[in-house]
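Student: sequence isn't available, so here's the structure alone:
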């Protein structure tokens, strides 16, 4: 489910009755991104114009449109945003850094020219952040400036940000495949990994021929991104084989990337794979696998959760899921034997919670039936 954000959209316009006079209208819009916010604001503008029976015509002046995301403790007027943008001309790198971060968060594109000038900043961290900021803003009109910046000899972090930003702002009809294909062969693993993510985000068809060879890439993140990008597009056999190879690799980073995929893609056997990796010796791998399996919303996880719970927070996570499953969770809970006294106690506590839920939702007769199932399960 997409989480909507709050945007302010200012649309300047003129009227045919007095074309020299300029007007502005403001809209508060809930939308997934700034492009959607603009479309919604334009629909409201058009619907009002169509409703109004006046003989003059309203004409949007597109070059003056302003869109930004409304956030607490952030600039919320054009003047304040412009003041923030002017700080990008400062010689103070800390001030530039903080201003870029803020402009990226509010997604206002009016400072684009100033941000683009920072692409040539002597500090590669500032240059990379400028590219990243333009990507967060997501204005497609800046795509050319981003792509033209790419060169194999650029600083690796800058190149990685260029590829990521291009993937965020490109439109479906933009001719970007050759650029992404070049990035897929870059010497830096971050660039290659970001190029795979960009292909997935852009939803370009027939990318398997580019990505399948990269299942042999030496970098763990590249392999993981390839599996995630191709899961709904290609033969699962090759992808599962590559994923299991990563799970059994001695390199802990390969295992970590395997967990990353399992956490995001519903593949056959992922619960068992995650459960196995919860027993890994490496503490970080073990913790990552535990967190991932507790995020899965699948009733088949219930026996594994009960064996893995080690604190009240984890029990709370499981109990919330069990209550959402409702009476469907009753049978697996009643059949759970448990390898430890602790896991069996957690199962009993969950049964208590289910009984209370049944009583509150369905009344005492349904509660009594549930209680009888529990009493006579043996």
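Tutor: Sure, I can see it. Everything numeric in this text was worked out from a predicted model, so none of it was measured.
Student: who are the packing partners of the helix or strand that contains residue 228?
Tutor: Using DSSP states H and E, residue 228 sits in helix 220-230. Applying 3 or more Cβ pairs under 8 Å, 6 or more residues apart in numbering; DSSP states H and E, one finds that helix 220-230 contacts helix 189-202, helix 208-211, helix 236-247, helix 252-264. Backbone N, C-alpha and C define where each C-beta goes, glycine included.
Student: distance check, residue 267 against residue 258.
Tutor: Distance, residue 267 to residue 258, using Cβ to Cβ, to the nearest Å: 11 Å.
Student: these two: which is more packed in?
Tutor: residue 258 (28 against 16; other Cβ atoms under 10 Å).
Student: that one and residue 276 touch, don't they?
Tutor: No: when contacts are counted by Cβ atoms under 8 Å, residue 258 is not listed as touching residue 276 (10.7 Å).
Student: overlap in contacts of the two?
Tutor: residue 247 (Cβ atoms under 8 Å, 6 or more residues apart in numbering).
Student: which residues does residue 297 contact?
Tutor: Contacts of residue 297 by Cβ under 8 Å, 6+ apart are 321, 324.
Student: pull out the buried positions in the helix holding residue 228.
Tutor: 220, 221, 222, 223, 224, 225, 226, 227, 228, 229, 230 (16 or more other Cβ atoms under 10 Å).
Student: can you pull the contacts of the first one?
Tutor: To tie it back to what came earlier, the one meant is residue 220. 246, 251, 253, 254, 256, 257.
Student: burial of the first one, as a residue count?
Tutor: The criterion is other Cβ under 10 Å. On that basis, residue 246 has 24 neighbouring residues.
Student: ok, the closest residue to it other than its chain neighbours - contacts?
Tutor: Nearest residue to residue 246 in three dimensions, chain neighbours excluded: residue 258, at 4.1 Å (Cβ to Cβ, 6 or more residues apart in numbering). Residue 258 makes contact with 224, 243, 246, 247, 249, 273, 277, according to Cβ under 8 Å, 6+ apart.
Student: do residue 288 as well
Tutor: 256, 259, 277.
Student: quick check: angle from the helix or strand hosting it to helix 252-264?
Tutor: Element membership for residue 288 (DSSP H and E) is helix 283-295. Relative orientation of helix 283-295 versus helix 252-264 (axes from the mean of the first three to the mean of the last three Cα atoms, to 10 degrees): 10 degrees.
Student: at which residues are the helices of the stretch 51-200 of the chain located?
Tutor: Remark: helices of the stretch 51-200 of the chain, listed N- to C-terminal, are 78-86, 93-106, 112-117, 124-137, 143-149, 156-169, 177-183, 189-202; assignment by DSSP state H, counting those that start in this stretch.
Student: got the contact list for the first one?
Tutor: Applying Cβ under 8 Å, 6+ apart, the external contacts of helix 78-86 come out as 10, 66, 68, 75, 99, 102, 103, 106, 108, 110, 111, 114.
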